[in-house]
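Participant: Got a sequence here, can you build the structure:
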Amino acid sequence: MIEQRLKDCIALVTGGSRGVGKGVAIGLAEAGATVIVTARTRSSGGSEWPGSLDETIAAIDAAGGKGVGLLCDHADDASVQEVFDRIRRDHGRLDVLVNNVFAAPNVMPVNVPFWQVPTSLWDTMHRVGLRSHFVAGQFAVPLMLPQKRGLIVNTSSGGGVRYTFNVPFGVQKSGVDRMARDMAHELKPFGIAAVSIWPGYIKSEKLAAQPGRVPPALAKLIAERGETPVFAGRAVAALAQDPNMLAKTGQILLASELATEYGFTDIDGRVPPPPSRDPAPLSVFTPSAAT
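Facilitator: Below is the predicted model of the structure:
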């Protein structure tokens, strides 16, 4: 059983009804944290995709934490403010913010030239996935300053350094990585750390429900090298427990590298191979002929 060293920790995970957000919530819960989760889907069956707030909260409670599920549309600043007002009222502080929410399209354009991608794709992913992280950070920091300690984590991926799917996707990932670095510069004097964490190939509910949503070669990589979303959660929990986490502020951290350092594994006992930091695109991402 994982030692509950975060039993006094108040954490917020945005976009936690499924995928990495749900996995991070469970990982924090295993360490005993109170985990507040935001999402737009309250109950099972309320979305075309698997997952809901109620299911995540049940998983948090089963893992040993205390779950609080709050409906929130991260495209609406007033809705976001209500979440942080609730945290201030109910808990008086925030120790960990995990910026994970991301408005991915139902069908992600792959290798589509940027001049043929709808501008709405840029707007959607960057409003909820980049701007949303900035707004959440603005609300979170005042709840961390009195303790002179805190942690902000942006979940990201290798798409921040190499071509992945399309131009708007890569810019979004690069943006959250840079945001963490620049936030870290401003927050370090106050004892608050900001980092990006890259999971590897995620075995997500969406992929299980719709295997054709990624190119076959990428699906094969996920099947062979993939990890559960809880692995990223254990990475966040391990970092939150580190009394010297400020030494890592501003960095891009790979979940697998943190596993080696802190000694945790995925739920099957494995430490999955880390994603590459190489900026060269995977072979599956080859430019299409212009039309």
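
Participant: Contacts made by the helix ranked longest in the chain with the rest, please.
Facilitator: Longest helix of the chain, by residue count under DSSP state H: helix 167-187. Contacting residues not belonging to helix 167-187 are listed as 99, 102, 108, 114, 117, 121-122, 125-126, 129-130, 133-134, 137, 141, 150, 152-164, 193-196, 249-252 [Cβ atoms under 8 Å, 6 or more residues apart in numbering]. From N, CA and C alone the C-beta is placed, and that goes for glycine too.

Participant: Just the buried subset of the residues you listed, please.
Facilitator: 99, 102, 108, 117, 121-122, 125-126, 129-130, 133, 137, 141, 150, 152-164, 193-196, 249-252 (16 or more other Cβ atoms under 10 Å).

Participant: Contacts only, for residue 147.
Facilitator: Each residue near residue 147 by Cβ under 8 Å, 6+ apart is listed here: 93, 95, 191.

Participant: Sorry, wrong one. I was asking about residue 229.
Facilitator: 19-24, 26, 199, 202-204.

Participant: so of those residues, which ones are in helices?
Facilitator: 19-24, 26.

Participant: between those, which is closest to residue 236?
Facilitator: residue 24 (5.2 Å; Cβ to Cβ).

Participant: Now the closest residue to the closest one other than its chain neighbours: which helix or strand?
Facilitator: The shortest distance from residue 24 to any non-neighbouring residue, by Cβ to Cβ, 6 or more residues apart in numbering, is to residue 233 (4.1 Å). Assessed by DSSP states H and E, residue 233 sits inside helix 229-241.

Participant: cool, and residue 277?
Facilitator: Using DSSP H and E, no helix or strand contains residue 277.

Participant: do the same with residue 264
Facilitator: Using DSSP H and E, no helix or strand contains residue 264.

Participant: Please apply the same query to the one 3 residues further on.
Facilitator: Here residue 267 is covered by no helix or strand, with elements defined by DSSP H and E.

Participant: re earlier: show me the buried ones among the contacts of helix 167-187 that map onto strands.
Facilitator: 99, 150, 152-155, 193-196, 252 (DSSP state E).

Participant: Which residue ranges of the stretch 1-150 of the chain form strands?
Facilitator: Taking DSSP state E, counting those that start in this stretch as the criterion, the stretch 1-150 of the chain carries its strands at 10-13, 34-39, 66-71, 96-99, 150-155.

Participant: Could you dump these into a markdown table with mean pLDDT and distance to residue 53 added?
Facilitator: Shown next, in a markdown table, are the strands of the stretch 1-150 of the chain (pLDDT from 0 to 100; distance: least, Cβ to Cβ, whole Å):
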| stretch | mean pLDDT | distance to residue 53 |
| --- | --- | --- |
| strand 10-13 | 98 | 11 |
| strand 34-39 | 98 | 5 |
| strand 66-71 | 98 | 4 |
| strand 96-99 | 98 | 15 |
| strand 150-155 | 98 | 18 |
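
Participant: For the closest residue to residue 84 other than its chain neighbours, list the residues it contacts.
Facilitator: Spatial nearest neighbour of residue 84, excluding adjacent residues (Cβ to Cβ, 6+ apart): residue 139 at 4.0 Å. By Cβ under 8 Å, 6+ apart, the contact list for residue 139 reads 80-81, 83-84.

Participant: Please report the distance of residue 139 from residue 72.
Facilitator: 11 Å (Cβ to Cβ, to the nearest Å).

Participant: intersection of neighbour lists for the two?
Facilitator: 80, 83.

Participant: circling back to that earlier point, filter the contacts of residue 147 down to the buried ones.
Facilitator: Looks like those have residue 95 buried, using 16+ other Cβ under 10 Å.

Participant: ok, back up a step: surely the residue nearest to residue 24 touches residue 26?
Facilitator: Yes. Contact criterion Cβ atoms under 8 Å: residue 233 and residue 26 qualify, at 5.3 Å.

Participant: Now the common contact residues for those two.
Facilitator: By Cβ under 8 Å, 6+ apart, no residue touches both residue 233 and residue 26.
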